[in-house]
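# sequence and predicted structure are below.
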Amino acid sequence: MKNIPKVLIIQPALPKYRISLFNELNKLLPDSSLLILAPSNDENGVHSITDGAEFNFTITSQSKHKLGFSWQPKAISFIRELKKGDILVTSGNPRYIFNILFSLTAKLRGVKIIWWGQARSAKTTKLSLSTKIKFMHIFDLVLLYTEKEARLLSRLTKLKSIHYLNNGINNKEILTLRTPYDARERDNRILFLGRLTEKSDFPLLLEALSRTTNVALDVIGGEPGSEILTTIKNLDLSEKIKFHGMITDEKAIAQIANNCKFFIYPGAVGLSLIHAFNYGLPALIHDNKKNHMPEASSFRELINGISFKQHSARSLAEKIDTMVSSDILLNQLSLNAIKVSKSNYNTESMAKNFYAAITSLKH
């Protein structure tokens, strides 16, 4: 019986939102050829979740970190087991330099290797981008988060095999839960969806809310810390904000999102933008494209959202008031938001793009 080439994908962690992607990819690949390897959690505290996984996986002990570098238990031993014709997909993050270097040793044995990651994000510097590009030349194929990144990389390098996924979420359940959008029938509630980290610039949103009237905020993504609670009290915002905590149940998220007029994210927006678009929610994000995550490439000014001047609470407050009172515009923005999430940025289309990248190495 002919041996089926293995496809080993090494991840910093296996978060819930990746389960549907790998399930879809597993359907496209030959039986038992796909294996996902990930530690129990990564350096950012993201935990691996395997509920609903229909693919083969191995979860190791948590990753280790020192001097700015990370390495994953057992990753090297799994890489060593790969043979000629197998395919290895590893994180392109330079912090995982040990995985990258051992990918090179696998390549010398005839293993095809794929660099998977973000070319640039909100924190990417010229130096870090340059470092990533140098590592990319080691690999047989580069797999990026978005088409926009692929176009950028094509201009900056002479790499021949550049593919992209258009990073998104599993929207199948959302399509059954999403209610028809009509801004005229919704209360003046806005949705913040995401973790309350420094990246979110949540304090700016609080300052902006203190300058608005007749608007309320729903927050999904975590509980507020003492500093945020103090700010809310000082700005007299307690009646305007409802924290729902960290919700992963889509039905619970839908009950909140379906009552909101639009989505708002004052900091470097990423996958939560795609999540909001799937509910047909127009977006309000800042105007500095370089200071967003790759998924922000799905945003189009006055097409599926509106932008405000970055770091300006006054500008943010003005745009909140504008959107709250622009029901006709919001209805059009909502239609376009749904179009984006339907055609791209979902795990089914991601899996097809992933499969196309893998199969291109067999020729």
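That came in fine, so what should we check first? Residues are numbered from 1 along each chain as shown.
# show me the shaky parts of this structure.
Counting by pLDDT under 70, the chain has low-confidence residues at 1-3, 363.
# which residue is nearest the middle of it?
Leu271 (3.5 Å; Cα atoms, centre = their mean).
# just give the nearest non-adjacent residue to that one, would you?
Glu295 (5.3 Å; Cβ to Cβ, 6 or more residues apart in numbering). To be clear about C-beta, it is placed using only N, CA and C from the backbone, and glycine gets the same treatment.
# how much space between that neighbour and Phe308?
The spacing between Glu295 and Phe308, counted by Cβ to Cβ, to the nearest Å, is 18 Å.
# and what of Leu88?
Separation of Leu88 from Phe308 (Cβ to Cβ) stands at 43 Å.
# next: Pro266.
In this view, Pro266 and Phe308 are 8 Å apart by Cβ to Cβ.
# check Gln332 too.
19 Å.
# in terms of neighbours, single out the busier of the two.
Taking other Cβ atoms under 10 Å, Gln332 and Phe308 do not tie; Phe308 has more neighbours (23 against 15).
# please verify my assumption that that one contacts Lys319.
Yes. Phe308 is in contact with Lys319 according to Cβ atoms under 8 Å; the separation is 4.4 Å.
# what touches both of the two?
Residues touching both Phe308 and Lys319 (Cβ atoms under 8 Å, 6 or more residues apart in numbering) are Leu284.
# would the residue nearest to Leu271 count as being in a strand?
No. Under DSSP: H, G, I helix; E, B strand; the rest coil, Glu295 sits outside any strand and is assigned helix.
# I'd like the numbering to begin with 277 instead of 1 from here.
With 277 as the first residue, the last one maps to Glu571.
# tell me which residues touch it, please.
So Glu571 contacts 421-422, 443-444, 545-547, 549-550, 621 (Cβ under 8 Å, 6+ apart).
# quick one: which of those is nearest Thr524?
Distance to Thr524 across these (Cβ to Cβ) is lowest for Leu547, with 13.5 Å.
# verify the stated contact: Ser583 with Arg576.
No. Ser583 lies out of contact with Arg576 (Cβ under 8 Å); the separation is 10.0 Å.
# mind checking how far the closest residue to Ala633 other than its chain neighbours is from Leu469?
Among residues not flanking Ala633 along the chain, His439 sits closest, at 4.0 Å (Cβ to Cβ, 6+ apart). Distance, His439 to Leu469, using Cβ to Cβ: 28 Å.
# who has more neighbours, the two?
More crowded of His439 and Leu469, by other Cβ under 10 Å: Leu469, with 26 against 18.
# bridged to that one, which residues?
Listed beta-bridge partners, Leu469: Ile496 (assigned using DSSP bridges).
# that one and Ile614: what is the separation?
Using Cβ to Cβ, Leu469 is found at 16 Å from Ile614.
# quick one: list the elements packing against the longest helix belonging to the chain.
Longest helix in the chain, counting residues (DSSP state H): helix 603-619. Contacts defined by 3 or more Cβ pairs under 8 Å, 6 or more residues apart in numbering; DSSP states H and E place helix 603-619 against helix 547-554, strand 581-584.
# which parts of stretch 461-475 are buried?
462, 464-472, 475 (16 or more other Cβ atoms under 10 Å).
# over to stretch 282-297?
By neighbour count on 16+ other Cβ under 10 Å, the buried set for stretch 282-297 is 282-290, 293-297.
# neighbours of the residue nearest to Lys292 when sequence neighbours are not counted, how many?
In space, and not counting its chain neighbours, Lys292 is closest to Ile325: 4.6 Å by Cβ to Cβ, 6+ apart. Using other Cβ under 10 Å, Ile325 has 16 neighbouring residues.
# same check, this time on Leu451
Counted with other Cβ under 10 Å, the neighbours of Leu451 add up to 12.
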